[in-house]
Every structure is written in C-alpha cells, then in structure tokens.
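> Quick one: sequence plus predicted model below, questions after.
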Amino acid sequence: MFKSYLNTWKKAFKFEGRSTRKEYWFFLLINFFIYLFTILGNLIASLIFQYTLSNDNNFLVILYETITYASLIPLIILLGTVWVSLPLTVRRIRDVGMKWQWIFFVSIPYIGFFFVLIFLTRTSVEEINGKKYFLKY
C-alpha cells in the first residue's frame, strides 16, 4: 500500500507512462487520512485555544503551539499533492485506454465528475497490435 503511494510521489512530474488502479486509489486514500489529520489537529488546537483563554495554564499554551505547528506539515503535503494528482490522473486515464484530453471532461458542471470517476475505476487496458485487452490486476 505505501509502496504504491511512494511510487506515485517518485513519478510526480512524469506525464508519460501508466498508473494502476491500486496506485491511484491508495494515493487518494492515504491523502484523505492526511487531510483528516489536518482538520482534526486544527479542531483540537482551536478547542485548546478557547480553553486557554479562560484559564491561565502554560502547559496548554505550549500544547496549542505544538499542535498548530504540527498541523502545518500536512498542509504543505496537501499543496504538493495538488501537483502530483494531475499527472497521476493523466496516467490513469491513459491506463484505461483513453486519451489524456479526457481529463478536461471533469469541467462539465454536475455530470463531468461522475464520468471521470467512471473512467478512473475501469480496469487497465493493454494494446497489442491495435487491439485492446483488459488486464486483471
């Protein structure tokens, strides 16, 4: 699972090639948990800050500052994943046997997202002598 995630980061600037379903969905799943950690960290920090305003406790002030700075790390990773997800999606669309321009289909309001989601969940295709064959991995 983490190998797929790391492979995605290694190919962050490569638009050529292919990406499997496993690479794509594990990347999204792990990033989801990173974002969840960020949101929970900020929520805890704001609750501690509100409690610190009502009480005069130095330990809580230090804990608040630690959580605030720790929540910046996933935010930096979030900014990096914006760039990594674009080549990943292009490679995934190519892996299902479609041209990379289909990524722009997501810009159609309301329905574009669902069609691209269907493209990204399809099985991989291998083209041999002009014929397309679905792969089972």
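Thanks, I have the structure now.

> neighbours around L78, how many?
13 (other C-beta atoms under 10 Å). Every residue, glycine included, has its C-beta placed from N, CA and C.

> got the contact list for it?
31, 34-35, 38 (C-beta atoms under 8 Å, 6 or more residues apart in numbering).

> Pull out the buried residues from those.
Buried residues within the contacts of L78, defined by neighbour count using 16 or more other C-beta atoms under 10 Å: 31, 38.

> gap between the residue most central in space within the chain and L86?
The residue lying closest to the centre of the chain (C-alpha atoms, centre = their mean) is L28, at 3.8 Å. As judged by C-beta to C-beta, to the nearest Å, L28 and L86 stand 13 Å apart.

> What of L72?
Counting by C-beta to C-beta, the gap from L72 to L86 is 23 Å.

> now K22
Relative to L86, and taking C-beta to C-beta, K22 is found at 19 Å.

> go on, L36?
22 Å.

> neighbour-wise, which of these two wins?
A count of neighbours by other C-beta under 10 Å puts L86 above the other of L36 and L86, at 14 against 11.

> tell me the pLDDT at the nearest residue to M98 once chain neighbours are set aside?
Of all residues not flanking M98 in the chain, F119 sits nearest, at 6.3 Å (C-beta to C-beta, 6 or more residues apart in numbering). pLDDT recorded at F119 is 80.

> ok, F119 - contacts?
Counting by C-beta under 8 Å, 6+ apart, F119 has contacts 92-93, 96, 98, 102, 105.

> buried set for the helix or strand where it lies?
Assigned by DSSP states H and E, F119 belongs to helix 112-121. For helix 112-121, the neighbour count (16+ other C-beta under 10 Å) marks 116, 119-120 as buried.

> quick one, longest helix in this structure?
helix 21-54 (DSSP state H).

> circling back to that earlier point, residues near the closest residue to the residue nearest to the centre of the chain other than its chain neighbours, how many?
Residue nearest to L28 in three dimensions, not counting chain neighbours: S85, with 7.9 Å by C-beta to C-beta, 6+ apart. For S85, the neighbour count with other C-beta under 10 Å is 17.
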